[in-house]
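> all I have is the shape, not the residue letters:
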């Protein structure tokens, strides 16, 4: 198992932060408050997280701890009550195609074909490209997710797994700076989930788009991530612990499962979740 | 085999699936296991039609007898036994002048239906002859810049059906043109929604008759200089205003309840307002918009009769009213004929909308 030895260097500065030039996504003192009839409910407080360029981070935590709230705040779909979020040093203002999202439900327009669904984003992001070029981009990513035979199938005719493949193609095709994934495989059976994890990581290896993914699945978190971020339970949830996963890329599922450190990582995560 | 599959699909698609069962029955394609299906889809409906006709026949007969006895009784008290006997004889002989005026029997209605068709054929032939006769003259008049002479004879029953359909479609189009865009705006903006809500809530329940009077007040003044007959304009506008509410409310609801995920996708992709409406909001609210349009068309057809009657605009409504005023021996039967024609056309219009909805809508399960 010498191919999977750790070769990461702790790249922290003195104050525990990464050098600014390495940081893609920066969450500073994030707070989220929902007003309720019984008074304010603070979901997140003092949440600090930095994500480096070309890093794949998975976020794990108990249901209802505010993971999805945090992700939708990064996406710009949910207002920030305090603190700020920046992408490459610039504060975000609302949603935008620099942060692609793969939602939990595939969220395809059911009346469009898979190609049209991908083109919806591509047309928006590459308005100056010719029609043929935009078609090529969309088709390229659909091929990458294994849907070369389903360009002209309506989304409503596709299985859940195939729909989520289109979702992946749509997100990558707009070439975002950050990719946000909100439990994208949570609704799939475990076989399909494994398939889609492989597809996702294969494209990701090629594109190296900084990715933040929420998951409930400990094995998924380890298999995909460079770092696993553990969130404490709410209210006032924040980052509880961060685990570096020092497996070399590209990874295969088999090699990861057979690696000596795998069960150490797994135990670490499960210990955190059970306490 | 292939053809029958397509026929199956077509009939199911337009919501007349039972036709396939009837066809299979005649082509002997059904096995014993399909017996229950036949029983449910063909025999039972057929039996219920026969039962309906039977009850109608008996009811009409009993009403006829009551009316006849009353007439004889009245003749007896007013004019004495001789007159009563004469009346009894007159009624039994089937003389038109003394027939009891009541609910006609199914046979009488069928007879009237045929006589209306005969009447139509006569009028149509008459009209054709007129057009042929005036063709040369009209050409000359048009060349001289004068209006051509048009046929001004009495419209037949069939002409009136088409006239009614024309009015209802004009009204329906008006409702569509007003209600769909307005519904989209209201659905998109909560501000517009709250500012229009009182308007919708107050005007939605207003009766067709009142709408007609309102439209009459306005159109009469607007067209004050025109010599043209405004009854068509008034009736189709009234029909449109009466029937547009279902579409307005459904469109607004459909637009404001678009799946949040779709809206999020639109936000993340930063679609412009135009693209957001046409690529996301409208397609996703089409099923509800169509449900609204279906209700609008059926309401339009329903109120049309009342409005034509008030507006004196030619059509089935006016036909019914004139027959009622006419009081001829077969007037009642003709009114019942019109009733069935109205019902059947209403049913066909509904199927038509369903077919269009199935064609354009992505969500096949929503079409009911």
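Ah, there it is. In this text, all values refer to a predicted model and were calculated from it rather than measured experimentally. Numbering: from 1, shown residues only, chains lettered A, B, ... in the order given.
> which stretches of chain A form strands?
All strands of chain A, identified by DSSP state E, fall at A:23-36, A:39-52, A:56-60, A:82-87, A:90-91, A:99-102, A:178-182, A:210-214, A:227-231, A:239-244.
> just so I know, which of those lies nearest residue B:342?
Minimum separation from residue B:342 across the strands of chain A (C-beta to C-beta) falls at strand A:99-102, 53.6 Å. (Glycine included, C-beta is placed from N, CA and C.)
> if we can go back for a sec, out of the strands of chain A, nearest to chain B?
strand A:99-102 (5.1 Å; C-beta to the nearest C-beta).
> before we move on, back to that, tabulate the strands of chain A (JSON lines), appending mean neighbour count and distance to chain B.
Formatted as JSON lines, those follow (neighbours: other C-beta atoms under 10 Å in any protein chain shown; distance: least, C-beta to the nearest C-beta, whole Å):
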{"stretch": "strand A:23-36", "mean neighbour count": "17", "distance to chain B": "16"}
{"stretch": "strand A:39-52", "mean neighbour count": "18", "distance to chain B": "18"}
{"stretch": "strand A:56-60", "mean neighbour count": "24", "distance to chain B": "19"}
{"stretch": "strand A:82-87", "mean neighbour count": "17", "distance to chain B": "14"}
{"stretch": "strand A:90-91", "mean neighbour count": "10", "distance to chain B": "16"}
{"stretch": "strand A:99-102", "mean neighbour count": "26", "distance to chain B": "5"}
{"stretch": "strand A:178-182", "mean neighbour count": "23", "distance to chain B": "9"}
{"stretch": "strand A:210-214", "mean neighbour count": "25", "distance to chain B": "14"}
{"stretch": "strand A:227-231", "mean neighbour count": "21", "distance to chain B": "22"}
{"stretch": "strand A:239-244", "mean neighbour count": "15", "distance to chain B": "25"}
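> what does the stretch 51-200 of chain A have sitting close to chain B?
Residues of the stretch 51-200 of chain A lying close to chain B by C-beta under 8 Å from any C-beta of the partner chain are A:75-77, A:94-97, A:99-101, A:103, A:105, A:107, A:109-112, A:120-121, A:124-125, A:154, A:156, A:174.
> can you tell me what sits against the helix or strand containing residue B:209?
Taking DSSP states H and E as the definition, residue B:209 sits inside helix B:208-222. The contact list for helix B:208-222 (C-beta atoms under 8 Å, 6 or more residues apart in numbering or on different chains) reads B:230, B:233-235, B:237-238, B:241-242, B:303, B:306-307, B:310-311.
> how far is the helix or strand just after it from where the chain is centred?
Going down the chain from helix B:208-222, the next helix or strand is helix B:231-256, by DSSP H and E. Relative to the chain's own centre, helix B:231-256 is displaced by 16 Å; criterion: C-alpha atoms, centre = their mean, to the nearest Å.
> buried ones in the helix or strand that comes right after helix B:231-256, by neighbour count?
Downstream of helix B:231-256, the next assigned helix or strand under DSSP H and E is helix B:260-268. By neighbour count on 16 or more other C-beta atoms under 10 Å in any protein chain shown, the buried set for helix B:260-268 is B:262, B:263, B:264, B:265, B:266, B:267, B:268.
> next: stretch B:236-252.
For stretch B:236-252, by 16+ other C-beta under 10 Å, it's B:236-252.
> filter the residues you listed down to the ones close to chain A.
For chain A, no contacts are drawn from the buried residues of stretch B:236-252 by C-beta under 8 Å from any C-beta.
> which secondary structure element contains residue B:60?
Going by DSSP H and E, residue B:60 is in helix B:44-79.
> output the contacting helices and strands for that helix.
Helix B:44-79 is packed against helix B:81-93, helix B:106-143, with contacts defined by 3 or more C-beta pairs under 8 Å, 6 or more residues apart in numbering or on different chains; DSSP states H and E.
> now do it against helix B:106-143, angle only.
Helix B:44-79 runs at 90 degrees relative to helix B:106-143, counting by axes from the mean of the first three to the mean of the last three C-alpha atoms, to 10 degrees.
> unless I'm mixing things up, residue B:283 is touching residue A:120, no?
No. With contact defined as C-beta atoms under 8 Å, residue B:283 does not count as touching residue A:120 (11.5 Å).
> cheers, nothing more for now.
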